[in-house]
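Participant: requesting a structural model of the entry that follows:
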Amino acid sequence: MKIRIKEDEVSSAVSQIKTQMSAFMGGMEDAIEDKSKSQKESATLTTASVLLALPAILGLIARLGKSVSSIIKRTIGTASQNQSDSEKYFQQMGRIADELHHLYIKPIELIVKRFVKDENKAKKVAAGIFHVIVAVMMIASGVTAVKALQAKEISLASLETALSAVKGGEVKQYITKLLA
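Facilitator: Numbering: from 1, shown residues only. Next up, the predicted model:
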């Protein structure tokens, strides 16, 4: 039995995430109002880093959730052919992660298409540029993590380290796919 998730449900979920991210960004701006210029730059970089890593983070959560649901289903012994609500939720989260990823790459692709006429090549070049940006942000997150450790800001160091790991995994996955 195939479960179909309507496009308007996916669009609604993406819209909700956009609204929540806008609120998050507004909260971050308020939180850093009274910080010095270097701290503001660091906070802006961290926010951009989180936003850039969001599709990968959602994808990881979706895969982990699907795996846990599968393990629980096997442990309990449920042999139902219908998807549970949790499986539907994690499947939809995976779709949202893909949608956000494409949302980030689309502007780059539009610019690249002005110079590269072949559609497939333009998509590959755009994906490459996006992953170079991710790699640069990964390095920046690593530098920020080291600075945060030196300043004994453990929570920021932990966040930046996690972001570096997520971005590193995304870059590794892209390179592996590229070389395959």
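
Participant: where is the longest helix in this protein?
Facilitator: helix 37-76 (DSSP state H).

Participant: if you average pLDDT over that helix, what comes out?
Facilitator: Here helix 37-76 scores 80 as its mean pLDDT.

Participant: which SSE is immediately downstream of that helix?
Facilitator: helix 85-112 (DSSP states H and E).

Participant: which of the residues in that following helix are buried?
Facilitator: If you call a residue buried by 16 or more other C-beta atoms under 10 Å, then helix 85-112 has these buried ones: 87, 89-91, 93-97, 99-101, 104-105, 108-109, 112. (Glycine included, C-beta is placed from N, CA and C.)

Participant: relative to helix 85-112, how tilted is the longest helix of the chain?
Facilitator: For helix 37-76 against helix 85-112, the angle by axes from the mean of the first three to the mean of the last three C-alpha atoms, to 10 degrees is 140 degrees.

Participant: quick check: buried residues in helix 37-76?
Facilitator: 42-43, 45-47, 49-50, 52-60, 62, 65-66, 69.

Participant: same for that helix, what does it pack against?
Facilitator: Applying 3 or more C-beta pairs under 8 Å, 6 or more residues apart in numbering; DSSP states H and E, we find helix 37-76 packed against helix 7-31, helix 85-112, helix 119-150, helix 154-179.
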